[in-house]
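Engineer: Quick check, what structure comes out for this input:
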Amino acid sequence: MSSADERLADAWSACELDRAITHEEHVRIAVVLLRRHGPEEGIRLIDEATLRNSEALGAADKYDGELTRRWSEALADAVETTGAHDADELIGAHPEFLSSGLFGPPAWKSSGL
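Structural biologist: Okay, here's the model as predicted:
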């Protein structure tokens with residue numbers, strides 16, 4: 001795994017970034033957490049940290065737990081089936097994960113917030 005991705009994942013998980021992350025950064029963080037903790041625990045940690053970071057940035061209303069779960073489960077499946085050791089390998093095998101709209105818009109966009 002990339003040490004830069006690992007540092008990013010650690011800072012994000014600890015809610016220490018004090019900024020929004022890009023979609024690609026979210027993919028990179030998710031791969032680190034899924035590789036470290038396995039699918040079940042990794043998915044749980046991605047969801048919890050996504051909510052915590054949204055709250056810390058004053059954007060809790062933009063957290064979409066259902067979308068985060070679908071996205072995390074798909075990433076976990078892709079990490080497992082490809083055997084990707086890091087985000088670069090996963091993205092190389094599945095570049096579609098770089099599309100933030102792959103699983104549809106978050107609920108807050110549909111509600112007009």
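
Engineer: Could you pull up the residues touching residue 74?
Structural biologist: Residues near residue 74 by C-beta atoms under 8 Å, 6 or more residues apart in numbering: 97, 102-103. Yep, even glycine has a C-beta here, placed from its N, CA and C like the rest.

Engineer: That one sits in which helix or strand?
Structural biologist: In this assignment (DSSP states H and E), residue 74 forms part of helix 65-82.

Engineer: for the chain, which helix is longest?
Structural biologist: helix 23-56 (DSSP state H).

Engineer: most neighbours, which of the contacts of residue 74?
Structural biologist: residue 97 (22 neighbours; other C-beta atoms under 10 Å).

Engineer: which phi and psi does that one have?
Structural biologist: phi -70, psi -10 (degrees, to the nearest 10).

Engineer: same question, the one 4 residues further on
Structural biologist: Dihedral pair for residue 101: phi -100, psi 10, per degrees, to the nearest 10.

Engineer: and it, how far is that from residue 19?
Structural biologist: Going from residue 101 to residue 19 by C-beta to C-beta, to the nearest Å gives 22 Å.
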